[in-house]
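1. take a look and give me a structure for this.
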Amino acid sequence: MDYHSVFEKHKEQDLFGRYITLKNIEPLFGKHLFKNKIDVLGKSVLEKSIYGYQTGIGDYKILLWSQMHGNESTTTKALFDLFNYLDSDVEEVKKWKDKFTFLFIPMLNPDGAELYTRENANKIDLNRDFINLSQPESQLLFSQFSSFKPDFCFNLHDQRTIFAAGKTNNPATVSFLAPSYNEECAINSTRQKAINLIAGINMELQKHIPNQVGRFDDAFNRNCVGDTFQQLGVPTVLFEAGHFQNDYEREKTRKFIFISLLRSFSLLYENDIVNNKIDDYLKIPQNNVCFYDIVYRNVKINYDNSIIITNFAAQYKEEIIENQLFFNAYISSVGDLNDFYGHLEYDAQEDLFHDGTDDFPNIEEKANFTIGKSKVFVNGLLIK
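-> Model (predicted):
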């Protein structure tokens with residue numbers, strides 16, 4: 001399959017960027033009503049609708065949900081790209097719909113999506129609520145899990161720009177996890193299926209983003225939905241959409257999630273998850289925290305009335321201002337930074353840092369400054 005051309009043909013053009021809310025996706029359901037079952041499954045804390053999108057007639061059931069964390073929207077975009085593909089009449093889609101029944105929940109946390117927060121309106125992280133099930137959104141997901149009785153679950157998230165794929169300077173553009181089902185992080189037949197599926201997806205992704213696939217630490221946490229569902233005997237895969245070079249809107253990453261989903265369904269259709277692929281899974285490098293958004297090296301600064309040469313870093317904060325998302329850069333670290341990379345790096349060549357006050361890059365200050373006599377940086381970026 002030419003995944004890239006399939007993606008371009010079916011990309012949902014009305015979804016773009018990182019700030020994706022219920023207002024963005026609700027109008028899109030209309031064009032899918034004819035071929036699919038679309039229902040309001042329940043309501044959020046603030047009484048926003050949580051939709052279910054069901055398609056296919058097969059006995060093998062797959063449950064997928066996105067935006068459990070409201071500010072993690074890349075996989076929601078990829079799901080609507082997928083919906084367009086699943087409405088096509090290509091032979092592969094017909095085969096999938098005969099074998100599978102899909103239930104998608106494309107925005108589990110609409111309140112958090114509107115507020116652009118990880119938590120829901122009660123400031124609860126839904127992915128840490130699967131012992132208490134204290135929130136209506138958590139209760140809804142567990143209720144759908146119990147009634148739908150899936151054979152496989154896909155837990156769809158975004159991850160921060162701080163992660164590399166192992167001990168490299170390659171961003172972890174997509175990461176995966178086969179969650180543990182017990183404290184010992186043992187592998188039973190349920191977890192084995194998730195491991196095998198991830199290994200198969202990774203084989204495909206290496207053709208598109210070589211050395212940019214990561215693996216999350218598998219420490220057990222019964223509060224998390226993936227660990228819970230795995231413990232209940234349903235193989236579950238955690239997807240994490242991460243950073244691709246110069247792609248802060250994650251328009252390229254959405255394509256790699258789309259490819260991952262299509263490859264997943266092909267592998268499940270072919271039942272290519274029965275052989276032991278633990279070694280292949282473990283070869284996927286673990287996520288490593290070693291990135292800042294911008295690193296400035298060899299900068300002369302005034303530190304405690306002494307002139308020294310050092311490095312500092314800036315990190316973007318994603319801030320909603322008048323219903324628009326802005327990436328605002330703030331100073332986040334000062335020091336040698338020898339074990340860290342920047343998605344963007346500047347060499348100051350030992351020129352002096354100025355910020356109009358104390359000429360020192362203070363943590364949490366906005367990244368507006370000059371270096372030397374003529375290099376002006378606004379929001380972390382060199383403008384002249």
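2. and stretch 311-321, which residues are buried?
-> Neighbour counts using 16 or more other CB atoms under 10 Å place 311, 312, 313, 314, 315, 316 of stretch 311-321 among the buried residues. (C-beta placed from N, C-alpha, C; glycine too.)
3. and the gap between residue 339 and residue 292?
-> With distances taken as CB to CB, to the nearest Å, residue 339 is found 11 Å from residue 292.
4. neighbour count winner among these two?
-> More crowded of residue 339 and residue 292, by other CB atoms under 10 Å: residue 292, with 22 against 9.
5. who's in contact with the more buried one?
-> Taking CB atoms under 8 Å, 6 or more residues apart in numbering, we find residue 292 in contact with 162, 313, 314, 315, 332, 333, 337, 340, 341, 342, 343.
6. also residue 93?
-> 85, 86 are the contacts of residue 93 under CB under 8 Å, 6+ apart.
7. for it, helix, strand, or coil?
-> Secondary structure, DSSP: H, G, I helix; E, B strand; the rest coil: residue 93 is helix.
8. so how far is residue 261 from it?
-> 13 Å.
9. so residue 293 touches residue 314, yeah?
-> Yes: contact between residue 293 and residue 314 holds when scored by CB atoms under 8 Å: they sit 6.1 Å apart.
10. out of the buried residues of stretch 311-321, who's nearest residue 208?
-> Nearest to residue 208 among the buried residues of stretch 311-321, counting by CB to CB, is residue 316 at 25.3 Å.
11. what pairs with the nearest residue to residue 368 once chain neighbours are set aside across the strands?
-> Distances taken as CB to CB, 6 or more residues apart in numbering put residue 378 closest to residue 368, at 5.5 Å, once the chain neighbours are dropped. Taking DSSP bridges as the rule, residue 378 bridges to residue 381.
12. now the residue most central in space within the chain, which residues is it bridged with?
-> Among the residues of the chain, residue 158 comes closest to the average C-alpha position under CA atoms, centre = their mean, at 1.6 Å. Per DSSP bridges, the residues bridged to residue 158 are residue 241.
13. could I get the full set of strands for the stretch 151-300 of the chain?
-> 152-158, 163-165, 174-177, 213-215, 236-241, 287-289, 291-303 (DSSP state E, counting those that start in this stretch).
14. which one of those lies closest to residue 38?
-> Residue 38 lies closest, by CB to CB, to one member of the strands of the stretch 151-300 of the chain: strand 152-158, at 18.2 Å.
15. hang on, the earlier thing: may I see the contacts of residue 292 arranged in a markdown table, with distance to residue 190 and secondary structure as well?
-> Shown next, in a markdown table, are the contacts of residue 292 (distance: CB to CB, whole Å; DSSP: H, G, I helix; E, B strand; the rest coil):
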| residue | distance to residue 190 | secondary structure |
| --- | --- | --- |
| 162 | 31 | coil |
| 313 | 41 | strand |
| 314 | 43 | strand |
| 315 | 38 | strand |
| 332 | 40 | strand |
| 333 | 41 | strand |
| 337 | 42 | coil |
| 340 | 37 | coil |
| 341 | 37 | strand |
| 342 | 40 | strand |
| 343 | 37 | strand |
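16. among these, name the buried ones.
-> Applying 16+ other CB under 10 Å to the contacts of residue 292 flags 162, 313, 314, 315, 332, 337, 340, 341, 342, 343 as buried.
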